[in-house]
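Trainee: My questions are about this predicted structure, shown below with the sequence.
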Amino acid sequence: MENNNAADKILTVDIGGSHIKGTVLNNLGVPQTDYQKLVTPTPANPENVLRTVKSLSDFFPDYNKVSVGFPGYVKDGVVITAPNLGTKAWADFHFCDELQRLLGKSVRLVNDADMQGLGIVSGSGFEIMVTLGTGFGTAFLMNGVLLPHMELAHHPISKKGDYDWYIGEKAFKKKGKKAWNKRMQKVLAILKTVFNYDRLYIGGGNADELNFRLDPNIKIVTNQDGIKGGARLWADNHPVPPATFVTHPE
């Protein structure tokens, strides 16, 4: 595994349902440039997303490694599912390979919540990162190390649908803030009972819409807090399960 050094300039890209954002980090995860973002294309198929990532990368001419957080299930650099991008064209798409060819740099690719979690958690005990945006993202870490990714968002929470359906952006708009917050209280109670985590972090665009008192071991975080996970993907002292990324030598 390659490790970070002081000269590393890591282009870190966060692909979301509404925007694709990026910046360049040093090996400590400190941004070296201003954030830039572009609207996620419609349709958000592989060809259009790759084109948008390339356009975003043009804002950052000086980088030597790439980290990408993707809103779906990723295994060995291959996208298995990406329901929140609204197209089945992602199924079994070798996204990491295509990014490598497009950008000409080594790429590490993980689920977007996994990358956020890497950048945010304290590194002590069992910690969970959840994101409240277009859908419901989750990452699980033990002592700062990513555990195998689980798409909890697509586990049924009722006879009508899964977590994405229950608390995603569409549910927020359809049900309204009050009803959505009641649903979030139920979801957090489930997570507490099922996982007995030490700490839970909540990010994503709708995190600020929570209007009830949170337990002391739950913290609201920002996307900017989590972006340094892009640097931790390259850290020699931070092993990542091999099923979550693939490295391409330059």
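Mentor: Alright, I've got the coordinates. Residues are numbered from 1 along each chain as shown.

Trainee: Could you measure from the most centrally placed residue in the chain over to Gly205?
Mentor: Central residue of the chain (Cα atoms, centre = their mean): Asp112, 1.3 Å from the mean position. Distance, Asp112 to Gly205, by Cβ to Cβ, to the nearest Å: 12 Å. All C-beta atoms are positioned from the backbone trio N, CA, C, and that covers glycine.

Trainee: pLDDT value on the residue of the chain most remote from its centre, please?
Mentor: Distance from the C-alpha centroid of the chain, by Cα atoms, centre = their mean, peaks at Lys159 (27.4 Å). Here the pLDDT value assigned to Lys159 is 92.

Trainee: can you map out the strands along the chain?
Mentor: 10-15, 19-25, 36-39, 65-70, 73-75, 78-81, 106-111, 126-132, 136-142, 145-146, 199-203, 218-220 (DSSP state E).

Trainee: so where's this protein uncertain?
Mentor: 1-6, 236-250 (pLDDT under 70).

Trainee: Show me it divided up by domain.
Mentor: Domain assignment for the chain by automatic domain parsing gives 10-110, 116-225.

Trainee: who does the residue nearest to Ser55 when sequence neighbours are not counted bridge with?
Mentor: Closest residue to Ser55 apart from its sequence neighbours, by Cβ to Cβ, 6 or more residues apart in numbering: Leu38 at 6.1 Å. Counting by DSSP bridges, Leu38 is bridged to Ile20.

Trainee: Distance-wise, check Tyr197 relative to Lys174.
Mentor: Taken as Cβ to Cβ, the span from Tyr197 to Lys174 is 29 Å.

Trainee: So between the two, which is more surrounded?
Mentor: Tyr197 (17 against 10; other Cβ atoms under 10 Å).

Trainee: ok, now which ones touch Leu188?
Mentor: Residues in contact with Leu188 (Cβ atoms under 8 Å, 6 or more residues apart in numbering) are Leu200, Leu214, Asp215, Ile218.

Trainee: Taking those residues, please make a PyMOL selection of just the buried ones.
Mentor: Remark: buried members of the contacts of Leu188, expressed as a PyMOL selection using 16 or more other Cβ atoms under 10 Å:
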select buried, resi 200+218
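
Trainee: Could you single out the nearest of the contacts of Leu188 to Leu102?
Mentor: Comparing these against Leu102 with Cβ to Cβ places Leu200 closest, at 35.7 Å.

Trainee: wait, what's in contact with the closest one?
Mentor: By Cβ under 8 Å, 6+ apart, the contact set of Leu200 is Glu127, Ile128, Met129, Val130, Leu188, Leu191, Lys192, Asp215, Asn217, Ile218, Lys219.

Trainee: Neighbour-wise, give me the winner out of these.
Mentor: When neighbours are taken as other Cβ under 10 Å, the top entry among those is Met129 (28 neighbours).
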